[in-house]
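Trainee: No sequence on hand, only this structure:
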C-alpha cells in the first residue's frame, strides 16, 4: 500500500478537518500578531502542535481504520483523544492565544457567548468534571452502547468528539496555568485529589476487561477484525491499555501539579482564609 | 411549500410508528437507523453485475465470507438455510441470501457457484475486486483481512461473523450475531416478512 494511503483519512469527515484547520489557523495567526512578550516559546508551540496533530492523526488517518476494527487500537485511540493529546495541549498553556482572540470579540458577541461561559463553568465544577471524565469512559465502553457506537457512523463520530472535548476540559482544569493563590483556578490539592479519584475507576474498568473470561466486546468479532487475531489477545491488550497508561498519566499529572505547587510555595501571599483555617 | 404541509402529520405518525417499532422483540440485534440501506454493485456467479434491484421486494440476508472458510461460513449458511425452510410456506420464496466472498483471489465464479448451490437455490454468490469489496464492507462498518499464506498457499481470512438483515424496502433492520439458533432466526424472519406484507 502506498504511504499516502496511510496518511489519508479512512472515513473522511469534512467537519473534523475544518475544526483542526481552524484551531491551528487561529493559533498561528495569534502567534504572528500577538506582542512579543506574550508569545509562547518554541517548546510550548511544539507541544501544542504535537497534541493537536496526535489527535488529528488518530481521527483522520489510516489509524482510524484500525481503531474501528481492533479493540486494542480503539483503546489506544481514546487514550490519545481523552488523555495524551489534551494533556499536551493543556500543558502547552495556550492561554495567551485564547486571551488574544477573546480581546478581539466584540462586546455584543461576548454578550451572546455568555451562555457558553456558564456552561463551561458548570462543566468545570470539580465534581461534575471528574464525573464526566470517568462517566464518558464507562458510557462508551458499556457493552450495548459500545456495540451501537461501532455500528453507526454517526454515533462513532459523536463518541470520538465527545471524548476529545471532555479530555480537553478535564486536563485544562488540572493543568490550568493560573495560580489558585491569586485567581479562582482550582487549588492544587483538589487537582491532585481529582487525578487520584479518576484513576481508580479507570483501573477497575481496565482490570475487569483484562480478567473477563468471556467476550465483553463482541462487536469486533461480529464486524471482522483488521487482521486475524485471537479475540482474547485483542481484549487483553485493550484492557491493559484502559488500565495502565491512564493510571500512569494520573501519576505523572500528580507529580507535575506537585512540582508547580512547590515552586509557587511562598511566591504569593497566602490567602487569609486559608491561614485562618490552619490556625 | 403548501403542498407539502399536509404531509407533516403523516411524517410525525411515521416517526411515532418508528418509535413504537423499537418495542418489537427480536432475537437478532435491532439496527434500524444505525446503518444505511442496502446498496451494492457486485459480480454474480454468471459474470453479470448484480445490484439490490435483482432481489427487490425480498428480505435480504447479507453475509460476508469466503469459500475456503473452515467452519464459521458453512455453519452460518446451513443455519440460514434451515431457518428459511422453517418459515411459513408463503414466505419461503421471499428471502434471498447474499453470500459476499471477500476472497476474490481464490473464489472464482465457478467455485463460488458450486459453493452457494450447496446451501440452497435462494443463495446468491457475489464477489468483486478488492476495492469494491472494501467500499461495501466500509458502508456496513465491517472489514476483512488476510493472514500470511502457509507453505501450501492456504491463508486465513478475517471477516464479519454476523448476518445483516435488510427488509423488503432494503432498509437495514437486524444483525444476526453468531449463536442464534435456526428457530430464533426463523421467528425473526417471519416477523419481518409479515410486517411488510400487512
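Mentor: Right, received. Where do you want to start? All of these numbers come straight from a predicted model, not from anything done at the bench.

Trainee: Three-state assignment for residue B:174, please.
Mentor: strand (DSSP: H, G, I helix; E, B strand; the rest coil).

Trainee: if I read this right, it contacts residue B:31, doesn't it?
Mentor: Yes: the pair residue B:174 / residue B:31 is scored as a contact, 6.3 Å apart, by CB atoms under 8 Å. For the C-beta atoms, the positions are set from N, CA and C on the backbone; glycine is no exception.

Trainee: overlap in contacts of those two?
Mentor: residue B:164 (CB atoms under 8 Å, 6 or more residues apart in numbering or on different chains).

Trainee: What parts of the stretch 1-150 of chain A come near chain B?
Mentor: A:10-11, A:65, A:68-69, A:147-148, A:150 (CB under 8 Å from any CB of the partner chain).

Trainee: Quickly find the element holding residue A:170.
Mentor: Secondary structure from DSSP states H and E places residue A:170 in helix A:153-175.

Trainee: mind listing what's buried in that helix?
Mentor: Judged by neighbour count (16 or more other CB atoms under 10 Å in any protein chain shown), helix A:153-175 contains these buried residues: A:153, A:155-157, A:159-175.

Trainee: Contacting chain B as well, which ones from these?
Mentor: A:153, A:155-156.

Trainee: Out of the residues you listed, the closest to residue A:119 would be?
Mentor: residue A:155 (22.6 Å; CB to CB).

Trainee: can you pull the contacts of the nearest residue to the closest one once chain neighbours are set aside?
Mentor: Nearest residue to residue A:155, sequence neighbours excluded (CB to CB, 6 or more residues apart in numbering or on different chains): residue A:149, at 4.4 Å. For residue A:149, the contact set (CB under 8 Å, 6+ apart) comprises A:140, A:155-156, A:158-159.

Trainee: Tell me the one among the residues of the stretch 1-150 of chain A next to chain B nearest to chain B.
Mentor: The closest of the residues of the stretch 1-150 of chain A next to chain B to chain B turns out to be residue A:69 (CB to the nearest CB; 4.6 Å).

Trainee: count of residues packed around that closest one?
Mentor: Residue A:69: 26 surrounding residues under other CB atoms under 10 Å in any protein chain shown.

Trainee: Equivalent analysis for residue B:60, please.
Mentor: 22.

Trainee: and which of the contacts of residue A:149 is nearest to residue B:64?
Mentor: For the contacts of residue A:149, the nearest to residue B:64 is residue A:156 (19.4 Å; CB to CB).

Trainee: measure that closest one to residue A:64 for me?
Mentor: 9 Å (CB to CB, to the nearest Å).

Trainee: what about the residue nearest to the spatial centre of chain B, which helix or strand?
Mentor: With distances taken as CA atoms, centre = their mean, residue B:62 lies nearest the centre of chain B, 1.6 Å away. Per DSSP H and E: residue B:62 is located in strand B:59-65.
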